[in-house]
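*Asks:* coordinates only, sequence not included:
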Ligand code: LLP
């Protein structure tokens, strides 16, 4: 049985830190997301301790899990944040994060988002096109501000991950072609309200191999040196996020081994290293709990119909992602092979396929590695209220987001005015 950082098994029952998952399911109902504060902290500290000798800024990618209690946990450890919208920036503020440690990524920042970020004095904008640079310069000018900028370049490196989460190839929409970057830097350096401070790349997510990271960094460093020759000196190098985690039997590098592969390339260089890890901080620090509603068999196949669906966790449906699923207490039923499916009216609505499980209706299941790209990608499809989120700290259970109510779903909608005849 695969054991994940946050989850342990004792006498056939699953625990998160020192709290039984069955206690949480019983108290708060299902579906429900549960995170471990210690695991989130440890995953962040693993990066920090791997980087002691190098000036750095670890900007947690808020998109992976943006619950404000998660952000608060990281802010308290001194984390910076990588955001892609003003909504994420407001979350960082609410959580006590420091805007001076925020990098703003994303291909389509609007002028009003730029204004708000300038007003708060963020660390830097990761600019993805020349057109965006123009808008940022004019927006900063009208605010009487100067925008710190890093250009996100596309190093044309194959991250060898799922095509939907691969971002560093020429064919992807992200970044500025590395071969055209020097020209854009020269334009930027002449703009009155732009202060060029860095270079950035992010080649993809769930990378389980170090080699693509190293190639991307080598290309970035060649560019940094070329720019120095043109009189443009950069203060930081941002190598994005992307370190994979273990869902099944992958063996991704640890933050420690990842850093020891790239730090030699940065030796004798003064630039600060910026990182944007998301998944590797939160994925294995969280799970999603669900309850078996019905068991059903059609001769060929057995289905475990559970109360969580693709609206709660879309990764299996969207990326054919394999996620481990286990019963949270030892069942006394016989083992059979099940497809674990939800109540949503779509064939793509499954959490897991062909899994041996010994379960009966009423049993609770735990979907592992669900702390990243889980709740944040959930929706109200089929008018299903979104699940609550819980942060466990030792034996303390903190409800950090309530289950949505039907009233929450309907608030904001209105009927058409009555027709007057
Ligand atoms: N920086 C940028 C600019 C990004 O686009 C991303 C993720 C990250 C950092 C964080 O990457 P991470 O360390 O989490 O790999 N929903 C997908 C993953 C999408 C990743 C998008 N960008 C999934 O569930 O697999």
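*Replies:* Structure's in. What do you need? No experiment lies behind these values; they were computed from the predicted model shown.
*Asks:* which residue, neighbours along the chain excluded, lies closest to residue 400?
*Replies:* residue 69 (3.8 Å; Cβ to Cβ, 6 or more residues apart in numbering). The way it works is simple: take the backbone N, C-alpha and C, and place the C-beta from them, glycine included.
*Asks:* the helix or strand the one you found falls within - what's its average pLDDT?
*Replies:* Take DSSP states H and E as the rule and residue 69 turns out to sit in helix 68-76. On average, the pLDDT along helix 68-76 is 98.
*Asks:* tell me the strands beside whichever helix or strand comes after it, with direction?
*Replies:* Next helix or strand after helix 68-76 toward the C-terminus (DSSP H and E): strand 80-83. Taking DSSP bridges as the criterion, strand 80-83 forms sheet pairs with strand 56-61 (parallel), strand 102-104 (parallel).
*Asks:* and of the ones you listed, who's closest to the ligand?
*Replies:* Nearest to the ligand among the strands paired with strand 80-83 is strand 56-61 (3.5 Å), distances taken as Cβ to the nearest ligand atom.
*Asks:* what does that closest one contact?
*Replies:* Contacts with strand 56-61, where a contact means Cβ atoms under 8 Å, 6 or more residues apart in numbering, come from 44, 47-48, 51, 71, 74, 79-82, 101-103, 123, 236, 238, 241, 272-279, 281.
*Asks:* and it, what's buried?
*Replies:* Judged by neighbour count (16 or more other Cβ atoms under 10 Å), strand 56-61 contains these buried residues: 56, 57, 58, 59, 60, 61.
*Asks:* can those go into CSV with extra columns for distance to residue 342?
*Replies:* Shown next, in CSV, are the buried residues of strand 56-61 (distance: Cβ to Cβ, whole Å):
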residue, distance to residue 342
56, 41
57, 40
58, 35
59, 34
60, 29
61, 27
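*Asks:* name whatever forms a beta bridge with residue 200.
*Replies:* residue 152, residue 238.
*Asks:* which parts of the stretch 151-300 of the chain sit against the ligand?
*Replies:* Contacts of the stretch 151-300 of the chain with the ligand, taken as Cβ under 6 Å from any ligand atom, map to 165, 202, 205-206, 240-243, 276-280.
*Asks:* one step back: what would the strands paired with strand 80-83 look like in a markdown table with mean pLDDT?
*Replies:* Shown next, in a markdown table, are the strands paired with strand 80-83 (pLDDT from 0 to 100):
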| stretch | mean pLDDT |
| --- | --- |
| strand 56-61 | 98 |
| strand 102-104 | 98 |
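*Asks:* can you redo these as TSV with distance to residue 267?
*Replies:* TSV is the format used below for the strands paired with strand 80-83 (distance: least, Cβ to Cβ, whole Å):
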stretch	distance to residue 267
strand 56-61	14
strand 102-104	24
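*Asks:* closest one to residue 356 among those strands?
*Replies:* Nearest of those to residue 356, taken as Cβ to Cβ: strand 56-61 at 34.3 Å.
*Asks:* give me the distance from the closest one to the chain's centre.
*Replies:* Averaging C-alpha positions (Cα atoms, centre = their mean, to the nearest Å) puts strand 56-61 12 Å from its chain's average.
*Asks:* so it, near the ligand or not?
*Replies:* Yes. Using Cβ under 6 Å from any ligand atom, we find that strand 56-61 touches the ligand at residue 61.
*Asks:* that strand vs helix 68-76, what angle?
*Replies:* 180 degrees (axes from the mean of the first three to the mean of the last three Cα atoms, to 10 degrees).
*Asks:* for residue 294, what is the enclosing helix or strand?
*Replies:* Using DSSP H and E, residue 294 falls within strand 286-297.
*Asks:* equivalent analysis for residue 386, please.
*Replies:* Per DSSP H and E: residue 386 is located in neither a helix nor a strand.
*Asks:* residue contacts, it?
*Replies:* Here residue 386 is in contact with 311, 312, 375, 378, 379, 380, 403, 404 (Cβ under 8 Å, 6+ apart).
*Asks:* cool, residue 100 as well?
*Replies:* Residue 100 makes contacts with 121, 122, 123, as judged by Cβ under 8 Å, 6+ apart.
*Asks:* can we see that at 7 Å?
*Replies:* Residue 100 sits next to 121, 123 when contact means Cβ atoms under 7 Å, 6 or more residues apart in numbering.
*Asks:* ditto for residue 31
*Replies:* Residue 31 touches 288, 289, 290, 307, 308, 312, 387, counting by Cβ under 7 Å, 6+ apart.
*Asks:* now those residues as CSV including pLDDT?
*Replies:* Formatted as CSV, the contacts of residue 31 follow (pLDDT from 0 to 100):
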residue, pLDDT
288, 98
289, 98
290, 98
307, 98
308, 98
312, 98
387, 98
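*Asks:* which residues does the closest residue to residue 101 other than its chain neighbours bridge with?
*Replies:* Spatially, and ignoring its direct neighbours in sequence, residue 101 is nearest to residue 80 (3.1 Å; Cβ to Cβ, 6+ apart). Counting by DSSP bridges, residue 80 is bridged to residue 59.
*Asks:* so the closest residue to residue 375 other than its chain neighbours, which state does it fall into?
*Replies:* Excluding its sequence neighbours, the residue lying closest to residue 375 (Cβ to Cβ, 6+ apart) is residue 33, at 4.9 Å. Classification of residue 33 using DSSP: H, G, I helix; E, B strand; the rest coil returns strand.
*Asks:* residue 33: neighbour count?
*Replies:* By other Cβ atoms under 10 Å, the residues close to residue 33 number 28.
*Asks:* need the contact partners of stretch 336-352.
*Replies:* 301-311, 313, 316-317, 323, 325, 353-357, 365, 367, 381-382.
*Asks:* repeat that for stretch 324-335.
*Replies:* By Cβ under 7 Å, 6+ apart, the list of residues contacting stretch 324-335 from outside reads 2, 12-14, 21-22, 25, 247-248, 340, 351-352, 355-360, 363-369.
*Asks:* so which of those sit within strands?
*Replies:* The strands, defined by DSSP state E, take in 13, 14, 340, 351, 352, 355, 356, 357, 364, 365, 366, 367 from the contacts of stretch 324-335.
*Asks:* so the chain: which segments form each domain?
*Replies:* Here the domain assignment for the chain is 7-35+283-410, 105-277, based on automatic domain parsing.
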